[in-house]
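Engineer: quick one, what's the 3D model for this:
(3 chains)
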Amino acid sequence: MEHVRPSTLDEALEGLAAPDAKALAGGQSLLPVMKLRIVRPSVLVDIGRLELGGVHMSENELRLGALTTWDELESAQELGRPALAALAECASGIGDLQVRNRGTLGGSLAHADPASDMPAVVLALGAQIVLRAASGERTVSAEEFFLGPFTTALGPAELITEVVFPLVEGSGSAYVKVEHPASGFALAGAAAVVRPDGGQSVALTGMGGQAFLLASDADPVDALPDAEIYGDRFAPVEYRRHLAGVVARRALDRARERMEGTDE
Amino acid sequence: MSESVIGVSRPRVDAPDKVTGATHFAADGHVHGLLHARLVLSTEAHALLQRVERDAALAVPGVVAVLTADDLPLASAGSDRTTEPLARTEVVFAGQPVALVVAESEAAAEDAVEAVVVEYEPLPAVVDVEDAMLPGRALARVLEEDAGGGDLESIHAGVDKGQEDGEEEQLSGNVLDTVHRNAGDATALLETSDVVVSGTFRTPWVYQAYIEPQVATAWLEPNETLVVSTSTQGSFVTQRELARAFGLPLERIRVIAEPLGGAFGGKLALMEPLAAGAALALRRPVRVVLTRAEDFQATNPASAQVTHLKIGARKDGTLTAIAARMIVDRGSNAGWGVEGITSLLVAGPYRWEAHEIRGYGVQTNRFTFGAYRGPGAPTAAFALETLMDELAVELELDPLELRLQNAVVEDDVGVSGNPFPRMGAVEVLERIRTHPLWQSRDSLPDNEGVGLAAGYWPGGNEPAAAVCRVNQDGTMTVVTSAVDMSGVNTGFAAIAAETFGLSPDQVRVVAADTATGPYSGASGGSKVTYTVGKAVLKAAEAAREKLLAAASEELEIAPADLEVVDGVVRAVGAPDHSITVAEISGKALRFGGRYEPIEGHGGSAQTRGAPSVAAHLAHARVDRETGEITLLAHVIAQDVGRALNPALVEGQMRGGAAQGIGWALYEELVHDENGQLLTGSFLDYAIPLAERVPDIDTLIVEVPAPDGPFGAKGIGEAPVIAAAPAIANAVAAAVGIRLRELPMTAPRVWATLEESGA
Amino acid sequence: MPAARQLELVINGERRSAEVEPRTLLVHALRDGLGLTGTHVGCDTSQCGACTVLLDGRAVKSCTMLAVQAEGAEVTTIEGFARNDELHPIQRAFVEHHGLQCGFCTPGMILTASDLLTRAPDPDDATIRRALRGNFCRCTGYQSIVDSVRAAATALREGEAA
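Structural biologist: Now for the predicted structure:
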């Protein structure tokens, strides 16, 4: 296996064109699966030092660089507002202190573990994912990005460069999860957004397949009985479906409290 | 006499090395020319081993050999992990080592393991332990091997198995051992008891999860001595096992026990036969280090058990009879099982008028069984202490008072037929009764509850020896071969210092090995402080006698009129008339010296047991919507005999309680119906994390053990035993449900709540 | 197959050179390449934290980093954590407050505590326990570790001399 460290994004994209090449950012998703020999890249394109970080807030949107670490998300002052609270709330529950020092937003979204937390948040917040390939840049909605377990819209020689979140003034968001006691991954995780116009969004993760939005009707929880939810040895499907409802409701309640300014 | 050092909390003697990374654990040492070995593990739970294809593996650069059982110079037939470290003909569990790949680097070995191709002829996998007992069922082992023996059992739980039985149950060949304890007519007594409660309780296979994976290194010295440097609980027992495996005389084997990164019962003679076998076969140094995945699959966790239990009492709370049928899943290839000890401990620290207890050790196509802190005890306590609470409810009696009323005192006869030695069951319960948490148990918010449970560990006895040697500078070196698993070295330093008359700073404790050290049994069974500590005390006394004899000559005062304080020998009542220990030692340790070296050798051979009782209170909150249990507080009261070093004793109490929390809420090793391990990593197997263990209040109760050093006894195992039922009883108090299966995971709690309509 | 090469790393303030392959994990470069065995391997799923080192002062799991990823950064292992031959206040706190038994998890605990106390000089118990999620201990039940970290925080705040 080779390791290359490109100095520009274009070089990185070139490197990714090689067969069985993988991008290495923080390595907190990729290295564990390499150690399990599930993934065996022939080339690691180390993008960890490219200029793809940063938290950029403007009047109507938040742009997060792909290499923003969970720790940076957790501690960014700009993310304290109720509309975006789900981001830091989610980041602070990912992995542990050491993992959060290295793990990145882009790396995790590209890996798309069906039990990972952040996909639910980017879905509920209606984010856009900015992708770059040698052929140019394109933007994909979060909904179009997550296609299946460990499967995304990313092309073979394409990288996430940014994730863009629209700012809905006066809204509130939250992320609530019940975690598997061993892995820390979501048995059920819900990201919720409540908007001043009464609109609500809830996205679920940990349901077995990729993270998904519940139909944003009057009460997203009504959509649960028809949602595709899978059980496993630890958490049978009835339990998981029930949990989904619990975390969805709790996330909505907390998002609403933040919107109304009644949270602690 | 200056202040006693007994009962003083001092840092561990090995703490400075451990916080600087200076401690060399067993995988840390550099050995010239070392080869690295990795295991090829069986993918079948039960099969005949047809072929091991090595060519592709041998072609990997850096690979030196691929060894199978035939390549190891094993001396005897046998089917335990010592005599059959690699499967010979029949594979009996998924994860059983089948071959050993030895290479110049770990990476090469790891690559080569993937290239080894093993052909199996599958056989039916026996996984249902109760079904496996029935006559005519498929056997978990079809080929007869000489069940060799070895003495690993005695280290942990040397108890008798109860009486021989004329009447025979019809049982399959999977039942390797039966235990029957019977006195009085329990059946009749239960029928006439005012209240009877019963239930079936299940506990899973549980992994010791020491943070240091298993490792052993072996090499041949030029004089053909086989040296094994290993992470083990016992050097002499390992030496004996290796002698048994390879037919070598003891003096040709030297076992060095390195600092232990946790063991809790699981590190006894598993890796050493592999490393030694490879070193003997290849005549080069070989190190076997398990990956965590291998450690999950191929070591020796604690047995799953099914316990059918029934207990009865009179209206006034007097316990009448206990009837139990306990089925122990012994897994595949251990030489012993916990059916003896679990059938003893299911009776708890209580008096019974009659008992009818049967235990069965059943082989299945699962792991090699191993000991884990109080083997057989947490499972027994989970059943008994749950039913004790249910009994209290039926009797409308306070659960603590019910236990206190029936708690054994010295000379009460237990279900072993032997009288209990002095132990603090009453004292521990009385102490925990005063705790504010118990006092406030009826005034808690909704969905919160406090539960109580008690248990005991009988302790262990094994003769031991120690040496105390005074050095030229007046300091002392204490030499034992005991492995420091629980902080015993710090205790030895205190015992020696106190007995001899030095400050503990002037005492060093060194661990010797089988070539150089005085005898010590394995660390385990809660006996090291009690037995080896006693030997240290006697060695220190012997050294002191020598010191006083020499000082007496120097000072011209009778030894009886001398005292030793902080390294100075002085006349009682005339402290200026003195001589230092260093001065005396200096007169002894030189050419032409006139005194014998100030050294003492001591031995111990206690026959009286020193059981330790521990009671727990758990304060739990249940989230009805998710089923999650949050532990808000925990209290443990334990009879420790004498706390030589309270901080270290508290560490054992908290550590044991935390492992009990693991039993209660998190830990289970799960196989599928084909005997394949589904929970083979920490991603699936949860151990308690810092956030999940509450502050644990420790209440030290001292009921001195008559034969222990300063009254101390072994205390390592008692604290784990009753933690889980305390939590289960707290859950019952909180939300009114009783789970009869461990662990009490959130999905199980929720499902039980749903079923109960609560 | 890519050959091993000499990798220059800055470890405990010194320039060191280790022979590594691209796939060599930092923990193995430290232990096998440089003989710094105070960093331990306890699992293979990046959970237990026995391998924790500091990378530019931040706690990372050296089993979940390639050695090459540490190029150009300052790595601190437990061996380099003491101050001028005296125990660091965190190390001293662990000794005095009995924050260890077998000691296998201890280097990782100390270095994670160092990261925590750098960013949160006065953490409450809940914060300390949360910060230790990535550090498993099987011996102590954690309470004495929490006590040690709290004591270390106090010592550092009061400017305890190294």
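Engineer: contacts only, for A:Asn105.
Structural biologist: You called it Asn, but residue A:105 is Leu. For A:Leu105, the contact set (CB atoms under 8 Å, 6 or more residues apart in numbering or on different chains) comprises A:64-70, A:73, A:118, A:163. Where you see a C-beta, it was placed from the backbone N, CA and C, and this is true even at glycine.
Engineer: do that again at 6 Å, thanks
Structural biologist: By CB atoms under 6 Å, 6 or more residues apart in numbering or on different chains, A:Leu105 lies in contact with A:64, A:68.
Engineer: then B:Arg314?
Structural biologist: Taking CB under 6 Å, 6+ apart, we find B:Arg314 in contact with B:Asp194.
Engineer: tally of neighbours for the residue of chain C found nearest chain B?
Structural biologist: For chain C, the residue closest to chain B is C:Gly38, as judged by CB to the nearest CB, at 2.0 Å. Neighbours of C:Gly38 under the rule other CB atoms under 10 Å in any protein chain shown: 28.
Engineer: list the contacts of it.
Structural biologist: B:21, C:77-79, C:107.
Engineer: let's see it at 10 Å
Structural biologist: B:17-25, B:28, C:30-31, C:53, C:77-81, C:103, C:106-108, C:110-111 (CB atoms under 10 Å, 6 or more residues apart in numbering or on different chains).
Engineer: try A:Arg250
Structural biologist: Contacts of A:Arg250 by CB under 10 Å, 6+ apart are A:174, A:176-178, A:190, A:192, B:625-626.
Engineer: which pLDDT value goes with B:Asn174?
Structural biologist: According to the prediction, B:Asn174 has pLDDT 94.
Engineer: report the separation between C:Leu7 and B:Arg441.
Structural biologist: Using CB to CB, to the nearest Å, C:Leu7 is found at 60 Å from B:Arg441.
Engineer: same question, B:Ala690
Structural biologist: Going from B:Ala690 to B:Arg441 by CB to CB gives 26 Å.
Engineer: what ranges do the helices span in the stretch 101-250 of chain A?
Structural biologist: For the stretch 101-250 of chain A, the helices defined by DSSP state H, counting those that start in this stretch cover A:105-111, A:118-124, A:142-145, A:237-260.
Engineer: out of the ones you listed, deepest packed?
Structural biologist: Comparing the helices of the stretch 101-250 of chain A on average neighbours per residue, with mean count of other CB atoms under 10 Å in any protein chain shown, the densest one is helix A:118-124 at a mean of 29.
Engineer: is chain C contacted by it?
Structural biologist: No - using CB under 10 Å from any CB of the partner chain, helix A:118-124 never reaches chain C; the gap is at least 17.6 Å.
Engineer: ok, now stretch A:149-158?
Structural biologist: No - figure legend: stretch A:149-158 not in contact with chain C (CB under 10 Å from any CB); closest approach 17.0 Å.
Engineer: and that stretch, what's buried?
Structural biologist: Neighbour counts over stretch A:149-158 (16 or more other CB atoms under 10 Å in any protein chain shown) mark A:150, A:152, A:154, A:157-158 as buried.
Engineer: any chance of the helices of the stretch 101-250 of chain A in TSV, with mean pLDDT too?
Structural biologist: Listed next are the helices of the stretch 101-250 of chain A as TSV, based on pLDDT from 0 to 100:
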stretch	mean pLDDT
helix A:105-111	97
helix A:118-124	97
helix A:142-145	96
helix A:237-260	96
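Engineer: in CSV: those, plus distance to B:Ala511.
Structural biologist: Formatted as CSV, the helices of the stretch 101-250 of chain A follow (distance: least, CB to CB, whole Å):
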stretch, distance to B:Ala511
helix A:105-111, 46
helix A:118-124, 49
helix A:142-145, 58
helix A:237-260, 50
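Engineer: returning to that earlier point: quick one: buried ones out of the contacts of C:Gly38?
Structural biologist: For those, a burial check counting by 16+ other CB under 10 Å picks out B:18-21, B:23, B:25, B:28, C:30-31, C:53, C:77-81, C:103, C:106-108, C:110-111.
Engineer: give me the subset of those residues lying in strands.
Structural biologist: Among these, DSSP state E puts C:Val53 in strands.
Engineer: coming back round to it: and chain A, which of the contacts of C:Gly38 reach it?
Structural biologist: Answer for the contacts of C:Gly38 near chain A (CB under 10 Å from any CB): C:53, C:108, C:111.
Engineer: element containing B:Arg287?
Structural biologist: Taking DSSP states H and E as the criterion, the element that holds B:Arg287 is strand B:286-289.
Engineer: so is that strand next to chain C?
Structural biologist: Yes - under the criterion of CB under 10 Å from any CB, chain C is reached by strand B:286-289 at B:Val289.
Engineer: ok, that strand: who's next to it in the sheet?
Structural biologist: Note on strand B:286-289: by DSSP bridges, its sheet partners are strand B:35-41 (parallel), strand B:215-220 (antiparallel).
Engineer: what's the mean pLDDT across the shortest one?
Structural biologist: Averaged over strand B:215-220, pLDDT sits at 98.
Engineer: any idea which helix or strand comes after that strand?
Structural biologist: Sequence-wise, the next helix or strand downstream of strand B:215-220 (DSSP H and E) is strand B:226-230.
Engineer: so which elements touch the helix or strand just after that following strand?
Structural biologist: Sequence-wise, the next helix or strand downstream of strand B:226-230 (DSSP H and E) is helix B:235-246. Where contact means 3 or more CB pairs under 10 Å, 6 or more residues apart in numbering or on different chains; DSSP states H and E, helix B:235-246 is packed against helix B:152-157, strand B:226-230, strand B:253-257, helix B:272-282.
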